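Novice: A predicted structure for the sequence below; I have some questions about it.
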Amino acid sequence: MSILVGRDTRLIVQGITGKEGLFHAIGCREYGTDVAGGVTPGKGGSTVEGFPVWDSVVQARRATDCNTSLIFVPPPFAADAIMEAADAGVELIVCITEGIPVADMVRVRTFLAGRNSRLLGPNCPGLITPGQAKVGIMPGHIHARGNVGVISRSGTLTYEAVWQLTNEGLGQTTCVGIGGDPVAGTSFIDVLALFAEDETTEAIVLIGEIGGTAEEEAADWIREHLDIPVVGFIAGATAPPGRRMGHAGAIVAGGKGTAAEKKAALAAAGVLVVDSPAEMGARTAAALAS
Amino acid sequence: MKIHEFQAKEILRRFGARVPQGKVIEHPGQAAEICRDFGGRSVVKAQIHAGGRGQGGGVKLAASPEEAERLAGEILGMQLTTHQTGPEGQQVRKVLIEEALDIEQELYLGVTLDRAAACPVLMASRSGGMDIEEVARTEPDAILRELIDPQLGVLPFQCRRIASGLGFSGGTARQIQAAVASVVAAYLETDASLVEINPLMVDPQGDVYALDAKMNFDDNAMFRRREIAELRDVHEENPLEVEASGHGISYIKLDGSIGCMVNGAGLAMATMDIIKLVGSEPANFLDVGGSASQEAVESAFRIILSDEAVKAVLINIFGGIARTDRIARGVVAAIEELAAAGSPVGVPVVVRLEGTNVEEGREVLERAGFDFIVAGSMGEAAQRAVEALGA
């Protein structure tokens, strides 16, 4: 079992004729994902690397019955691409684009309210159900099928965690990158709730970082709703306040969002918090063994 | 992106806020005449991006034009140290000479993003002049909040609710409502990430002024805000950080001695954290970008090593899509290039590579002319870097 993506995923890529979009469309297809084609306005009717291209998401959906879209559109146009996909009724929209203005994402959130689409990201690596479907930019081969769910605000740090798990002999149900921006489509809680309903997920690794209060909210939810082990790590314990650490959302501001606060909140909710990022895999293995 | 107080006040004035009369100067000789125009009394305010300028001695009241000139002379050129500048302080290149107004009451007004609600939030408090973070900690109920619908802007009833919530009626309340409308409009129409009037001042006649102003902007939106982007003052930024951003590298200088080069922001923070856990301090945050190309690695080395406190470098690259052996060749080439250019890497370099083709990647490092310390895991890399410091 898995969440959000799997064998029934039928994917289109928005921005498929761009360098990055095409590269990762091929990567997803090679992993085994059903990539039905892509969208680039003005290039409809053409074909790239065997992928049919449409001018609009509506056309692509009509032709392919796609249920998932992966977005590589440049930042000034990315919000529009998300809303176009939602308007076309695409169920899962995964936005990889980094650098979308916050005001645009605020508008996107308003637009999505009351529609049936789920947005993952932006500024995220996407998600993968090992052995079934990869919808994102992560290296597929580090993953293995198994029973650990992974949720993260980060990219390469997620790969680190997954790699540790795989080396411990622990495969994953689904690994979900929710992204490093201050306003995103999917929260920790949304994904935790999906894992809670997935019978095959026996443990969860949750990787947060400084900034905002998403981890604290997740901690409250975990205390109320989860009875499987959750291993947590928060990046940025050494980050100085007031400085944005790469990700737009990774900033300790207004005295809020410190790693210490987040770790304390998670620990109080029963999460097995590790201080060292090198121990994420081993801690999960220990939790599942006990 | 940050801007100066005088620039923020100019923007707020355009959106209808009442701000004191003032002029910015770079030479003290102009101060006396400006002060005379304001009736012989003025406030001399250092223009640097950091807060806490008053406590640092960067804001002074002048009782005469002569004093204004003397104070401007003292403040211009000084290294102003505040709790936000770091111990080395920030050089003052501009001062704002403003009319001196009598203060009856000081309020706080600010707009920022409410991340949980995913929309802007207006905050107001009767504890003006104080650090709002301190107010939030000690008396959270003393802060009035209004969520803003970005399509609609702030609504008149919300402005009235703030003014009455702050305890005002009549003409002063109307002026506060106008100030509220102006900060929200300025926030929404400039892609700001923060607008703050602290204090919003009420004078003995009941008139309302923005006595201090601060605006920060969303870097990602500056492509469509040319007029705002032009207000950037690179003198206020760390030159290494400016250079790094020119190469697509995200770099923040810190105080430790282990320079870090990592791909990805989350992994970069985690690497800093693990250095601290094994008993040392990171010299910087550095995200070299997802692909860690040879060019990026070369620039990253130059930037890291220009910090003389760096005694060892830790490279932690998780090769995702990019193959590890290619990244390793890029690292080796970057080191050779630096040596050829006359600035060889003179400190121990610990490398931890992970991902596709990792065996070949490590072989490339071990065969190289440079004596890399190759580590197998994050924990080992941090340990080896700390050992290398003592060697």
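Specialist: Thanks, I have it. Residues are numbered from 1 along each chain as shown, chains lettered A, B, ... in the order given.
Novice: and A:Ala196, how many neighbours does it have?
Specialist: A:Ala196: 18 surrounding residues under other C-beta atoms under 10 Å in any protein chain shown. Every residue, glycine included, has its C-beta placed from N, CA and C.
Novice: ok, it touching A:Glu224?
Specialist: No. With contact defined as C-beta atoms under 8 Å, A:Ala196 does not count as touching A:Glu224 (10.5 Å).
Novice: wait, doesn't B:Arg352 sit right on B:Leu314?
Specialist: Yes. Taking contacts as C-beta under 8 Å, B:Arg352 lies within contact range of B:Leu314: 7.5 Å.
Novice: In the stretch 101-250 of chain B, which residue sits nearest chain A?
Specialist: Nearest residue of the stretch 101-250 of chain B to chain A: B:Ala221, at 3.6 Å (C-beta to the nearest C-beta).
Novice: rewinding a little: looking only at neighbour counts, state which of B:Arg352 and B:Leu314 leads.
Specialist: Applying other C-beta under 10 Å to B:Arg352 and B:Leu314 shows that B:Leu314 carries more neighbours, namely 31 against 24.
Novice: quick check, that one in a strand?
Specialist: Yes. Assessed by DSSP: H, G, I helix; E, B strand; the rest coil, B:Leu314 belongs to a strand.
Novice: So it sits against B:Leu267, correct?
Specialist: No. Counting by C-beta under 8 Å, B:Leu314 does not reach B:Leu267; the two are 11.8 Å apart.
Novice: residues from the stretch 1-150 of chain B in reach of chain A?
Specialist: Within the stretch 1-150 of chain B, the residues that sit near chain A (C-beta under 8 Å from any C-beta of the partner chain) are B:Gln84, B:Leu113, B:Arg115, B:Ala116, B:Ala118, B:Cys119, B:Pro120, B:Ile132, B:Glu133, B:Ala136, B:Arg137, B:Pro150.
Novice: Looking at these, which are in helices?
Specialist: Under the assignment DSSP state H, the residues of the stretch 1-150 of chain B next to chain A contribute B:Ile132, B:Glu133, B:Ala136, B:Arg137 to helices.
Novice: Between the residues you listed, which sits nearest B:Arg326?
Specialist: B:Glu133 (45.6 Å; C-beta to C-beta).
Novice: If any of the residues of the stretch 1-150 of chain B next to chain A are buried, give me the PyMOL selection for them.
Specialist: Buried subset of the residues of the stretch 1-150 of chain B next to chain A, written as a PyMOL selection, criterion 16 or more other C-beta atoms under 10 Å in any protein chain shown:
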select buried, chain B and resi 113+115+118+119+120+132+136+150
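Novice: Kindly reformat the residues of the stretch 1-150 of chain B next to chain A as JSON lines containing distance to A:Ile207 and pLDDT.
Specialist: Converted to JSON lines, these look like this (distance: C-beta to C-beta, whole Å; pLDDT from 0 to 100):
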{"residue": "B:Gln84", "distance to A:Ile207": "30", "pLDDT": "82"}
{"residue": "B:Leu113", "distance to A:Ile207": "23", "pLDDT": "94"}
{"residue": "B:Arg115", "distance to A:Ile207": "18", "pLDDT": "91"}
{"residue": "B:Ala116", "distance to A:Ile207": "20", "pLDDT": "90"}
{"residue": "B:Ala118", "distance to A:Ile207": "22", "pLDDT": "94"}
{"residue": "B:Cys119", "distance to A:Ile207": "26", "pLDDT": "95"}
{"residue": "B:Pro120", "distance to A:Ile207": "28", "pLDDT": "96"}
{"residue": "B:Ile132", "distance to A:Ile207": "31", "pLDDT": "76"}
{"residue": "B:Glu133", "distance to A:Ile207": "27", "pLDDT": "75"}
{"residue": "B:Ala136", "distance to A:Ile207": "27", "pLDDT": "78"}
{"residue": "B:Arg137", "distance to A:Ile207": "28", "pLDDT": "78"}
{"residue": "B:Pro150", "distance to A:Ile207": "30", "pLDDT": "92"}
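Novice: farthest-separated two in the residues of the stretch 1-150 of chain B next to chain A?
Specialist: Pairwise across the residues of the stretch 1-150 of chain B next to chain A, and taking C-beta to C-beta, the largest span is found between B:Gln84 and B:Pro150, at 29.1 Å.
Novice: element containing B:Leu194, please.
Specialist: strand B:192-202 (DSSP states H and E).
Novice: residues in contact with whichever helix or strand comes after that strand?
Specialist: Using DSSP H and E, the helix or strand that follows strand B:192-202 in sequence is strand B:208-210. The contact list for strand B:208-210, computed with C-beta atoms under 8 Å, 6 or more residues apart in numbering or on different chains, reads B:9, B:12, B:17-20, B:101, B:172, B:175-176, B:178-179, B:197, B:200-203.
Novice: So which of those belong to helices?
Specialist: B:Lys9, B:Leu12, B:Thr172, B:Gln175, B:Ile176, B:Ala178, B:Ala179.
Novice: Pull the most distant pair out of the residues you listed.
Specialist: Once C-beta to C-beta is applied, those give B:Lys9 and B:Thr172 as the farthest pair, at 20.4 Å.
Novice: Grab the nearest non-local neighbour of A:Phe51.
Specialist: The shortest distance from A:Phe51 to any non-neighbouring residue, by C-beta to C-beta, 6 or more residues apart in numbering or on different chains, is to A:Gly37 (4.8 Å).
Novice: And the one you found, how close does it get to A:Gly126?
Specialist: Separation of A:Gly37 from A:Gly126 (C-beta to C-beta, to the nearest Å) stands at 18 Å.
Novice: what about these two, which has more around it?
Specialist: A direct count of neighbours by other C-beta under 10 Å for A:Gly37 and A:Gly126 places A:Gly126 higher, at 24 against 21.
Novice: Phi and psi next, for the nearest residue to the more buried one once chain neighbours are set aside.
Specialist: Using C-beta to C-beta, 6+ apart and skipping residues adjacent in sequence, the residue nearest A:Gly126 is A:Gly136, 1.7 Å away. The phi/psi pair for A:Gly136 (degrees, to the nearest 10) reads phi 170, psi -160.
Novice: So for stretch B:262-282, mean pLDDT?
Specialist: Taken as a whole, stretch B:262-282 has a mean pLDDT of 95.
Novice: now check that stretch, is it near chain A?
Specialist: Yes. Contact between stretch B:262-282 and chain A is present through B:262-277, B:281-282 (criterion: C-beta under 8 Å from any C-beta).
Novice: buried set for that stretch?
Specialist: Here stretch B:262-282 shows B:262-278, B:280, B:282 as buried, counting by 16+ other C-beta under 10 Å.
Novice: And stretch A:19-26, by the same measure?
Specialist: A:Gly21, A:Leu22, A:His24, A:Ala25, A:Ile26.
Novice: Also stretch A:280-288?
Specialist: The neighbour-count check on stretch A:280-288 (16+ other C-beta under 10 Å) flags A:Met280, A:Gly281, A:Ala282, A:Arg283, A:Thr284, A:Ala285, A:Ala287, A:Leu288 as buried.
Novice: Could you list which of those belong to strands?
Specialist: Among the buried residues of stretch A:280-288, no member falls in strands (criterion: DSSP state E).
Novice: how about the residues of the stretch 51-200 of chain A that lie near chain B?
Specialist: Contacts of the stretch 51-200 of chain A with chain B, taken as C-beta under 8 Å from any C-beta, map to A:75-76, A:99-107, A:109-110, A:137-139, A:141-142, A:152-160, A:163, A:180, A:182-183.
Novice: filter these to the buried ones?
Specialist: Counted by 16+ other C-beta under 10 Å, those give A:75-76, A:99-107, A:109, A:137-139, A:142, A:152-160, A:163, A:180, A:182-183 as buried.
Novice: Can you list which of those are found in strands?
Specialist: Reading strands off those with DSSP E, I get A:Ser152.
Novice: In chain B, what residue spans correspond to helices?
Specialist: Ranges of helices in chain B, per DSSP H, are B:5-14, B:31-37, B:65-75, B:132-138, B:156-165, B:170-189, B:226-229, B:239-246, B:265-277, B:294-305, B:324-340, B:358-367, B:378-390.
Novice: Report the contact partners of the closest residue to B:Met130 other than its chain neighbours.
Specialist: Residue nearest to B:Met130 in three dimensions, not counting chain neighbours: B:Tyr108, with 7.3 Å by C-beta to C-beta, 6+ apart. B:Tyr108 makes contacts with B:123-130, B:132, B:135, B:196-200, as judged by C-beta under 8 Å, 6+ apart.
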